[in-house]
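Chemist: Below: sequence and its predicted model.
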Amino acid sequence: MKFSIEKEVLLETLQKVLGPATSKQNFPVLNNVLISSTHNKLKLVTTDLDTTIITTQEANIQEKGKTSIPMKKLISIVRELPSQEITVEITKNNLLIRCGKIEFKINTIDPEEFPKVEESQKASLIKILPEVLGEMIRLTSFCVGQEETNYILNGILFEIHEDKIKLVATDGKRLSFIQRKLHHTQPEVKTKLSFIVPIKAIQELTKLIKEREEEIFLAVEENRVGFDFKDTQFITRTIEGEFPNYAQYVPKEGKDKLIINRKEFLAALRRADLLSTPDYQGVKVELKKDSIVVSKSTPQMGEVKEVIGAQYSGTPMQIGFNPQYLMDVLKNMDQEEAGFNFSGADKPAVLRSEDYIYLVLPIKI
């Protein structure tokens, strides 16, 4: 194998597939990238057996072939090379990298040892815009559970039916639900598709979505799902099991409603959180007709109180929250105002906004 390519192009291509090769693996070959060349394109593959990224890139191919090389070492070398054309060539069991007067020789691993990767078969193609999927992930991913004992909550539930796509995440203490319409050219999905994507895969997918403009195609299969971009394919195993019936936990919209400036509320919570400790996390929110009072008192540390103008249409009450749970949703929203429904000091608070619902349980204070 021998090819030439601009340094910046090769670096950008390697960064697309970096994720799966950065996990600590028992098998050294899983820390590698598989590079193959045919005609005028390079094909790069990385996998940790749960997630796989495949990307192609045009290059000046002088000789066809393939090799497997440690990813971290390769990308570190390419980063430090000057911005000019790089020539890469296999010589025996080494990869020779030339750039100007610089020459690196790196040991490779037999490419036949690299796991055989099945590309997505495009079983059920669903079209979605990257900015839509990115927004939906942003407003749900912070709710994903972290406990290994309840692995079914360690991902985001995708539901696709008719002309809508829904994403749901919960850790048992809060829940995010968002619904959006599919692309206007997408045929109606007659059979409901439902699958859970692990949070680790979601994090890698988010990196690939950034700065993308072209449509993404979801290819749904039995126990995995593929996300097809123009030149890159991301494939992940799904979490097997039954996601909780989230609809039964979301109360109907009530009359006790708070309308408040999102940034002002977020800033007040951040200030109150400065006095949080592992034993004293709760922040008290006192709801009044024309204002709310955000306060916190931590023994042997101090206290803080702040009044914020707001509109509240319900019965005055005091309710406690883990401030991080409110900050997570407020900092990821775009709207100027946030609207919450309350049903009592011991009932969940519910934020609603344009087919988005965020439910958070209160805590004792």
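Modeler: Structure's in. What do you need? Numbers count the residues shown, from 1 in each chain.
Chemist: where are the low-confidence patches of the stretch 251-365 of the chain?
Modeler: The model of the stretch 251-365 of the chain has no residue with pLDDT under 70.
Chemist: swap the cut-off to 90 and go again
Modeler: Scanning the stretch 251-365 of the chain for pLDDT under 90 picks out 251-256, 278-279, 300, 314, 343-344, 353-354, 364-365.
Chemist: For it, which segments count as helices?
Modeler: Counting by DSSP state H, counting those that start in this stretch, the stretch 251-365 of the chain has helices at residues 262-273, 323-332.
Chemist: next one: the stretch 1-150 of the chain
Modeler: Under DSSP H, counting those that start in this stretch, the stretch 1-150 of the chain gives helices at 7-16, 71-80, 130-138.
Chemist: and Phe340, how many neighbours does it have?
Modeler: Phe340 has 22 neighbouring residues, counting by other C-beta atoms under 10 Å. (C-beta placed from N, C-alpha, C; glycine too.)
Chemist: and the helices of the stretch 1-150 of the chain as TSV, adding distance to Arg212?
Modeler: Formatted as TSV, the helices of the stretch 1-150 of the chain follow (distance: least, C-beta to C-beta, whole Å):
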stretch	distance to Arg212
helix 7-16	11
helix 71-80	21
helix 130-138	4
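Chemist: closest to Asp50 out of the helices of the stretch 251-365 of the chain?
Modeler: helix 323-332 (25.8 Å; C-beta to C-beta).
Chemist: Any idea how far the closest one is from the middle of the chain?
Modeler: Here the centre of helix 323-332 is set off from its chain's centre by 17 Å, with C-alpha atoms, centre = their mean, to the nearest Å.
Chemist: So which bits of that helix are buried?
Modeler: By 16 or more other C-beta atoms under 10 Å, the buried positions in helix 323-332 come out as 323, 325-330.
Chemist: Can you list the neighbours in contact with that helix?
Modeler: Helix 323-332 is contacted by residues 138-139, 142-143, 173-174, 176, 262, 265-266, 269-270, 272-273, 276, 281-283, 296, 338, 351, 358, 360 when judged by C-beta atoms under 8 Å, 6 or more residues apart in numbering.
Chemist: cutoff 6 Å now
Modeler: Applying C-beta atoms under 6 Å, 6 or more residues apart in numbering, the contact partners of helix 323-332 are 138-139, 142, 174, 262, 266, 269, 272-273, 283, 358, 360.
Chemist: ok, back up a step: can I get the helices of the stretch 1-150 of the chain in a markdown table with mean neighbour count?
Modeler: Shown next, in a markdown table, are these (neighbours: other C-beta atoms under 10 Å):
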| stretch | mean neighbour count |
| --- | --- |
| helix 7-16 | 17 |
| helix 71-80 | 16 |
| helix 130-138 | 18 |
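Chemist: Could you tell me how many residues sit around the residue lying closest to Lys257 once chain neighbours are set aside?
Modeler: Nearest non-adjacent residue to Lys257, counting by C-beta to C-beta, 6 or more residues apart in numbering: Ser313, 5.1 Å away. By other C-beta under 10 Å, 14 other residues sit near Ser313.
Chemist: Okay, Lys16 and Ile90: tell me how far apart.
Modeler: Distance of Lys16 to Ile90, given as C-beta to C-beta, to the nearest Å: 22 Å.
Chemist: likewise Asn150?
Modeler: Per C-beta to C-beta, Asn150 is found 47 Å from Ile90.
Chemist: quick one on the thing from earlier: to Gly65, which of the helices of the stretch 251-365 of the chain lies closest?
Modeler: Nearest to Gly65, of all the helices of the stretch 251-365 of the chain, is helix 323-332, at 45.6 Å by C-beta to C-beta.
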